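1. Build me a model from this:
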Amino acid sequence: MKRSSILQLRSGVAIIGVGALIALTLALPAVAEPRSALGPDRLVAVLSLAPVQLDVPYAPIPSSENLAVLTESLRKSIRLNGIGLIQAGRIRKALRDAGFDQANVLRACVEVQCAVRIARSVGAHTVVVGLVTHATGVYWQTDVRVMSATSGREYGHYTGKVVGDVLSMERHEDVVGRCVAQLIRKQRPCRGDDPGPWM
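-> Here you go, the predicted model:
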């Protein structure tokens with residue numbers, strides 16, 4: 001075979017090889033965005049965390065800024081543990097449209113009935129509801145419940161507690177989110193942190 005023919009043959013193989021590689025790359029699913037291990041029809045609604053007012057004189061109440069930061073940390077942890085979430089903006093709009101204010105002790109949606117109603121309105125399969133306690137000084141606690149959005153049945157709950165500032169509780173939401181993900185998957189629940197003497 002002539003040298004020119006060999007070069008043409010090699011060039012043709014190279015072109016076919018590059019074309020096949022491009023086709024294979026386009027056929028592969030995108031992996032940049034993590035997908036829910038539970039499937040697209042099993043999305044979870046994480047309601048904005050709500051404050052708890054202790055029956056103690058001058059007990060502090062978590063601010064709306066505290067609640068927003070802790071909610072975002074919780075959502076991020078749940079998402080990183082492979083759970084697909086309804087967009088936070090849709091949840092906030094659904095709560096607002098229904099007349100709820102998660103930063104207000106008296107107007108927050110924390111009961112089963114309203115949580116299920118909000119979750120259904122955004123097409124969620126499961127709903128996560130949480131409360132934040134800021135006891136006197138440096139005691140912080142997040143209590144979460146995971147429920148079915150169809151039946152309202154509780155899958156489980158978890159209590160996360162830290163002694164420190166709000167940044168310490170924000171970091172601890174990583175643990176809370178991991179345990180919430182286990183409850184959503186109906187795996188063995190985590191053991192909650194010791195609630196401490198202030199509860």
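2. For Gly160, pull up the helix or strand it's in.
-> strand 154-163 (DSSP states H and E).
3. for the helix or strand following that strand, which positions count as buried?
-> Downstream of strand 154-163, the first helix or strand assigned by DSSP H and E is helix 166-184. Within helix 166-184, the residues scored as buried using 16 or more other Cβ atoms under 10 Å are 166, 169-170, 172-177, 179-184. Quick note: C-beta positions are derived from backbone N, CA and C, even for glycine.
4. Test my guess that Ile86 contacts Ser121.
-> No: counting by Cβ atoms under 8 Å, Ile86 sits too far from Ser121 to count as a contact (10.1 Å).
5. So which of these two has more stuff around it?
-> Shown here are Ile86 and Ser121; by other Cβ atoms under 10 Å, Ile86 has more neighbours (21 against 17).
6. pLDDT score assigned to the more buried one?
-> pLDDT recorded at Ile86 is 97.
7. Kindly report the same for the one 10 residues further on.
-> With respect to pLDDT, Arg96 scores 97.
8. try the one 5 residues further on
-> In the predicted model, Asp101 carries a pLDDT score of 97.
9. Now it. Nearest residue, chain neighbours left out?
-> Arg107 (4.3 Å; Cβ to Cβ, 6 or more residues apart in numbering).
10. mind checking the SS state of that neighbour?
-> coil (DSSP: H, G, I helix; E, B strand; the rest coil).
11. do Val146 as well
-> On the basis of three-state DSSP, Val146 is classed as strand.
12. Pretty sure Arg178 sits against Ser77.
-> Yes: if you go by Cβ under 8 Å, Arg178 and Ser77 touch, sitting 6.1 Å apart.
13. you'd agree Ala124 is up against Ile83?
-> No: counting by Cβ under 8 Å, Ala124 does not reach Ile83; the two are 11.3 Å apart.
14. what sits in contact with each of these two?
-> Here Ala124 and Ile83 have Val44 as joint contacts, going by Cβ atoms under 8 Å, 6 or more residues apart in numbering.
15. Ala45 belongs to a strand?
-> Yes: assessed with three-state DSSP, Ala45 lies in a strand.
16. where in the chain is pLDDT low?
-> Low-confidence segments of the chain (pLDDT under 70): 1-41, 193-199.
17. picking up where we left off before, OK, contacts around the residue nearest to Asp101?
-> Gly99, Phe100, Asp101.
18. quick one on the thing from earlier: name the nearest of the buried residues of helix 166-184 relative to Thr142.
-> Using Cβ to Cβ, Val176 is the member of the buried residues of helix 166-184 that lies nearest Thr142, at 5.5 Å.
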